[in-house]
Each structure stands twice: as C-alpha cells, then as structure tokens.
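> Predicted model, plus sequence, below.
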Amino acid sequence: MQQALRRKLESFEPLSDSARWALNRLVLKVRQVAARQDLIREGDKPENVLLILDGFAYRYKVLPDGQRQIMALLVPGDFCDLNVFILDQMDHAIGTISACQVVDIPRQAIDEIARDHADIARAFWWCSLVDGAVLREWLVNIGGRLPPQRIAHLLCELLMRLEAVGRVTDNSYAFPLTQTQIADMMGLSDVHVNRTLRDLRAQGLIRLKRRVLTILDVERLQAFCDFTPNYLHLRNTRWGERRDLSWPGTAQEG
Amino acid sequence: MSGRGNVATLLVLQLQPIAVDTNSPDREGMLVIANGLLVAVLVRLAEPEHDNVGSWFLEAGFGRLQGQRVPTFPTLEDACRWLRRQLKPL
C-alpha cells in the first residue's frame, strides 16, 4: 500500500534511493477510515497533510439548500492538499467514498523532507500543479461537454490516474462511486447518470459489475469524449518524454 | 401577473400527456402548464435500473424551474405539490 505515494511521485519525477527511503518514513502511521466518513470538514483548522494510500475520497462543498458539489476525487497516492496547513481553515470538506487507508503527515515532516530532498520537493510541486490542472479540466468537463462525454471523460481520467499507481488490471479498476456521487461530481441528476452509464454499456464501451469498472475499448472511449491526457502530466503519456528533455536534472533517467 | 391580491396567487396547473425522447425507455411524459405557460416536462421512470422505477422526474424546467435538480417524485400529485410551491409568487 505504501507504494502508492512513491509510484505517484515517480510518475512525475525520478527519485533517488535516499528519497525513497525518506518517503517510506513519511507514511509510518497508517489509519483505517470507514467509507462515507469526513476526514476534515469545512471550517476545520488543518493540522496535518492527509495522504490517501488506499480507497477513494473526495473534496466537496454543501450549499445551503443541501445540494452537494464534488470538486475532486482523491485516489491512492493523492495528498488532500499539500500546502493546506498554510491556510487558517478549510474552505471545503474532504470525505471518504470507500474505506480508506489514510496517513496524517505533520506539516513539519513535509517541510523537512522537501528541504532535504530536492527531487521530492519538485515532485510535490508536480502534485500541486497537477491537482490544479485536473481541477481546470473538471471545469471544462462540466461547463463544456455533454453529459455522456462528461462521464466518459471521468472514466478515462480514472483509468490513467489509477494506472499510474498500479491500481488497474486489464483496463479494470475498483469503482466505488454511486450514481448520486457521480451526479454531484458532474452537475447532473441521478437519472441522467443512470441513463448515460446504461448508454455507454449498450455501446460496448464499458462494463460495470460488482463495483468494478472495465473499459472494454479504451481507444473508442477516449475518442468518444476527446480525452487528451496532457493535463495529467504523467510520464507514461507521450507528453512525458518531451517534458523530460526540458528538465536537465532528469535527462539521465531515459 | 401583478403578484398582488388573491386573484394573482391563483395557480392553475394543467397536465398534458406527451411522449418524450430521453434516449432511454423512460418515455411517458407530462407537459405541466401553469396558467397557460409551459413550465415543466415530467417523465415517468421506466428503465428497470433506476433506483425508483415508476416515480416522476423533472426532465426539464422552464423559467424559475430552469436548471433545478430535485429528487424524483413518487406520484404526479407530489410533483404538482412541489411545482406549486416553487411557482408561488415571491
């Protein structure tokens, strides 16, 4: 399970042995959190950086009329905001979707490891920048794509993000999201989510069985929603190779 | 509507059956007309995979109902009660 963080950081930056060793010390105290629990609420003072090692969590906000908007999905290897401890209070809540393994990293430990390991500091920057890029893409998704493409895009994104942390087998991954959660993420109604998933299944693009999602034809699903993974900035995308050239420190990595 | 006096607060809701293309088996619909204006299209959920088959879904809303996301209604009466509340003069 501890591998999730290392794999994620290494999908952005190659890490030295000493950096890997230091990372293992960062994730010593793992705690289990049941599904559908708040990890931190809006208005709370953030003390630690939370890291998800296993399971799914999400960022959300609830409007006065009870309408919930989910702004981000957190999967294994994702920090619940690396620099959040700089802020006085949370402007949104973070809750678990499925049972999660969570690590609470004291802010001091984050400061120290980033100071002692330049490669980790840079990988942390990648994490924050990519979180921002994903949020931008979600805005484009909600504002610019039709419901079927919107949901297909989420499924394509999850495939790549989960693959980067070793959570995908034969284009299948754990999919604990309920239709209501997808609706709250995509700005749609439960009914539209239900119809759309049914339609994607009918087109032979996906299979959803016992909370495992299989993408039956990755290329076709990506083409269906014009999925371009550049915003994930992963090294296993073709943009990754181009990026490595612009970082002299990583040139020997090949 | 002036919004003043008892006459103005009278809201006459008419339902008119209509078949709706939802790209799914949910086809049976109702146009909801309030004081002569189309305000909503309700659709009865028929697709067996819905959580609440048989209930009524606000497929589209116009005017003040535009973009509203509400849970489905068990009966047409429940839907109309909700619509009346929403359309009450401010």
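Nice, thanks for sending it over.

> all helices for the chain, in order.
This is for chain A. A:3-10, A:17-26, A:107-116, A:118-144, A:147-164, A:179-186, A:190-202, A:218-224, A:238-245 (DSSP state H).

> nope, chain B
Taking DSSP H, the helices of chain B run over residues B:5-9, B:76-87.

> would you list the ones you listed in a markdown table and tack on mean neighbour count, distance to residue A:53 and mean pLDDT?
Every residue, glycine included, has its C-beta placed from N, CA and C. Formatted as a markdown table, these follow (neighbours: other CB atoms under 10 Å in any protein chain shown; distance: least, CB to CB, whole Å; pLDDT from 0 to 100):
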| stretch | mean neighbour count | distance to residue A:53 | mean pLDDT |
| --- | --- | --- | --- |
| helix B:5-9 | 9 | 58 | 54 |
| helix B:76-87 | 16 | 44 | 94 |
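
> among those helices, which is nearest chain A?
helix B:76-87 (12.1 Å; CB to the nearest CB).

> can you tell me if that closest one touches chain A.
No: taking CB under 8 Å from any CB of the partner chain as the criterion, helix B:76-87 and chain A are apart, separated by no less than 12.1 Å.

> Tell me which residues are up against that helix.
If you take CB atoms under 8 Å, 6 or more residues apart in numbering or on different chains as the criterion, helix B:76-87 is touched by B:11, B:13, B:15, B:30, B:32, B:34, B:39-40, B:42, B:56, B:58, B:64-65, B:68, B:70, B:73.

> Now the buried members of these.
Neighbour-count burial (16 or more other CB atoms under 10 Å in any protein chain shown) applied to the contacts of helix B:76-87 gives B:13, B:30, B:32, B:34, B:39, B:40, B:42, B:56, B:58, B:65, B:73.

> quick one: which of those residues is nearest residue A:14?
Residue A:14 lies nearest to residue B:58 out of the buried ones among the contacts of helix B:76-87, by CB to CB, at 52.4 Å.

> Which residues are in contact with the closest one?
B:40, B:41, B:42, B:65, B:68, B:70, B:72, B:73, B:79.

> what sits up against stretch A:213-229?
The set of residues external to stretch A:213-229 that reach it, using CB under 8 Å, 6+ apart, is A:145, A:148-150, A:152-153, A:155-160, A:170-175, A:200, A:203-208, A:237, A:239.

> Enumerate the residues of chain B near chain A.
B:22, B:23, B:24, B:26, B:45, B:47, B:49, B:50, B:51, B:57, B:69, B:72.

> Tell me which of the residues you listed fall in strands.
residue B:57 (DSSP state E).

> Just the closest of the residues of chain B next to chain A to residue A:78, please.
Nearest to residue A:78 among those, with distances taken as CB to CB, is residue B:69, at 27.5 Å.

> so what's the closest residue to the closest one other than its chain neighbours up against?
Closest residue in space to residue B:69, ignoring its immediate chain neighbours: residue A:189 at 5.4 Å, by CB to CB, 6 or more residues apart in numbering or on different chains. Counting by CB under 8 Å, 6+ apart, residue A:189 makes contact with A:183, B:57, B:69.

> Need these in CSV (columns: neighbour count).
Shown next, in CSV, are the contacts of residue A:189 (neighbours: other CB atoms under 10 Å in any protein chain shown):
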residue, neighbour count
A:183, 21
B:57, 24
B:69, 16
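
> is it possible to export the residues you listed to CSV including distance to residue A:87?
As requested, those are exported to CSV (distance: CB to CB, whole Å):
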residue, distance to residue A:87
A:183, 29
B:57, 40
B:69, 30
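
> Without its sequence neighbours, what residue ends up closest to residue 20?
All of this refers to chain A. Nearest non-adjacent residue to residue A:20, counting by CB to CB, 6+ apart: residue A:6, 5.9 Å away.

> sorry, should have said chain B
Distances taken as CB to CB, 6+ apart place residue B:29 nearest to residue B:20, at 3.8 Å, with adjacent residues excluded.

> wait, what's in contact with the one you found?
With contacts defined as CB under 8 Å, 6+ apart, residue B:29 is in contact with B:17, B:18, B:19, B:20, B:41, B:42, B:43, B:44, B:59.

> State the pLDDT value of it.
Per-residue confidence at residue B:29 stands at 97 (pLDDT).

> Give me the below-cutoff pLDDT ranges for the chain.
With no chain named, the answer covers chain A. Residues of chain A meeting the criterion pLDDT under 70: A:1-2, A:236-254.

> other chain: chain B
Using pLDDT under 70, chain B drops low at B:1-9.

> Residue of it closest to chain A, please.
Going by CB to the nearest CB, chain A is nearest to residue B:24 of chain B, at 4.4 Å.

> Would you check how far apart that residue and residue B:48 are?
Here the distance between residue B:24 and residue B:48 works out to 11 Å (CB to CB, to the nearest Å).

> cool, and residue A:10?
For residue A:10, the distance to residue B:48 - CB to CB - is 45 Å.

> So the two - more neighbours on which side?
residue A:10 (21 against 8; other CB atoms under 10 Å in any protein chain shown).

> so what's that one up against?
Here residue A:10 is in contact with residue A:123 (CB under 8 Å, 6+ apart).

> repeat for the one 5 residues further on
When the contact criterion is CB under 8 Å, 6+ apart, the partners of residue A:15 are A:6, A:9, A:23, A:117, A:119, A:120, A:123.

> if you set the cut-off to 7 Å instead, what comes out?
The neighbourhood of residue A:15, defined by CB atoms under 7 Å, 6 or more residues apart in numbering or on different chains, consists of A:9, A:119, A:120, A:123.
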